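Enquirer: Only the shape, not the letters, is given here:
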């Protein structure tokens, strides 16, 4: 086994292009295995139960990875894979709006508003819980840095991408271990959201919280066999092109925004320097769909293909992130991280089972499970859990969540608030920042109770 690993490493260390080529080669093999594996009846039955096949593949990749028990997959591969989650998440967001008609109706904005309010509750509540945990437990007993009060939101909502970027900001203000701790918290969040979230889906099916699947067959996922292979390939290329255009729109827009704010400097420049591209790719996805609907050219888009591209990207994101999990980092500061992680999980579950039932009159489980995944292990985990609970999106939760992300992503999960939080702690102290987040959280709770009686939360 050791000889096999050395053989891989000897090949990979030859030069940088070969390392990148092999990393993408492994990714391609994974993609094929995931596509084929999801077609087996056993995999379909597991996903109906709430056990995603990506978790099985990710667990296997972790076992054979550099921090696993077999060590076949070398660290040079997993180090490259650690850079894949953000691009893959961008592809996921680029597919969200292209394949489906733009939702309309008088009740749409009420649905988006209630979804946004739950997202704000969970996000600012994580700062509140993190601040209280650090002030009451971690500083008195572990003498930690007050900036650890930011880690739940950075790691859970922002994930590995936000943790990597925010690590530079932490280092600038004297919290050098913030990068490793943020990545460790993101690791805990990813595992917790997928494993605990999958368990919640299973429990939801047992207790009847999930809307029954009225689809006739799983064979819908295949393209019509009456179409020739050439036509199928052409349709696939067109749909991949639309996804690429949405990503290109996001990348280009972010670049020009950064150029503009570079003349301003200060907080706007700092925010955009860590702002992710995937919210803008989602906007690009929406604009492409609007244009296709306006030109009456929606026949060029396949809802099935867009969904399959998004599902595959989500699966690859989970697998590559799990394969590169740095278990030694988790073990190093396990006590402090465990306290923060448990506090964040408790708050997210509290929000899901209490606030969601207040805010959502129908489909509360589907609309809250995606927020639980998003608030614990980034948006891709939320979409994965929604796919397990509502594979055909019968509840219209995905477009509601997508539109909500357009508004909230610039603030939380690596946005404005994520960047401002550590600066506020440095300037005003952790007590002051925690008090601000506490007041905002209470206001959001009161607003949620008020909306229960005022918002007509009807299904589209």
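Expert: Yep, that arrived. Everything quoted here is computed from the prediction, not taken from an experiment. Numbers count the residues shown, from 1 in each chain.

Enquirer: C-alpha only now, for contacts and for neighbours.
Expert: Noted.

Enquirer: Any stretches of the protein with poor pLDDT?
Expert: Residues of the chain that meet the criterion pLDDT under 70 lie in 1-18, 41-51, 105-107, 161, 213-227, 267, 271, 274, 329-330, 453-460.

Enquirer: any idea how it splits into domains?
Expert: Annotated domains of the chain cover 2-81, 89-454 [automatic domain parsing].

Enquirer: Tabulate these (CSV), appending mean neighbour count.
Expert: What follows is the domains of the chain, written out as CSV (neighbours: other CA atoms under 10 Å):
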stretch, mean neighbour count
domain 2-81, 16
domain 89-454, 20
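
Enquirer: contacting residues for residue 433?
Expert: When the contact criterion is CA atoms under 8 Å, 6 or more residues apart in numbering, the partners of residue 433 are 131, 421, 424-425.

Enquirer: secondary structure element for it?
Expert: helix 416-454 (DSSP states H and E).

Enquirer: Hmm, residue 178 is touching residue 164, no?
Expert: No. Using CA atoms under 8 Å, residue 178 is not in contact with residue 164, being 9.3 Å away.

Enquirer: Let's verify the spatially closest residue to residue 290 that is not a sequence neighbour: helix, strand, or coil?
Expert: Take residue 290 and drop its neighbours on the chain: the residue closest to it by CA to CA, 6 or more residues apart in numbering is residue 102, 7.4 Å away. Taking DSSP: H, G, I helix; E, B strand; the rest coil as the rule, one finds residue 102 in the coil state.

Enquirer: what do you get for residue 99?
Expert: Secondary structure assignment for residue 99 (three-state DSSP): coil.

Enquirer: Hmm, it is touching residue 307, no?
Expert: Yes. Counting by CA under 8 Å, residue 307 is a contact partner of residue 99 at 7.4 Å.

Enquirer: Find the helix or strand that residue 412 is a member of.
Expert: Under the criterion of DSSP H and E, residue 412 resides outside all helices and strands.

Enquirer: looking at it, it is touching residue 123, isn't it?
Expert: Yes. Between residue 412 and residue 123 there is a contact at 6.9 Å, judged by CA under 8 Å.

Enquirer: Overlap in contacts, those two.
Expert: Jointly contacting residue 412 and residue 123 under the rule CA under 8 Å, 6+ apart are residue 157.

Enquirer: related to what we said a few turns ago, and the residue nearest to residue 290, how close does it get to residue 402?
Expert: Per CA to CA, to the nearest Å, residue 102 is found 11 Å from residue 402.

Enquirer: Please apply the same query to residue 101.
Expert: According to CA to CA, residue 101 and residue 402 sit 13 Å apart.

Enquirer: Kindly report the same for residue 289.
Expert: Distance, residue 289 to residue 402, using CA to CA: 13 Å.

Enquirer: Mind listing the shared neighbours of these two?
Expert: Here residue 289 and residue 402 have residue 97 as joint contacts, going by CA under 8 Å, 6+ apart.

Enquirer: Run through the helices of the stretch 301-450 of the chain in chain order.
Expert: Using DSSP state H, counting those that start in this stretch, the helices of the stretch 301-450 of the chain run over 303-323, 327-332, 334-350, 356-359, 364-389, 397-408, 416-454.

Enquirer: Now do the fourth one: everything it contacts.
Expert: The one in question is helix 356-359. With contacts defined as CA under 8 Å, 6+ apart, helix 356-359 is touched by 114, 118, 364-365, 367-368, 448-449, 451-452.

Enquirer: That concludes my questions; thank you for your assistance.
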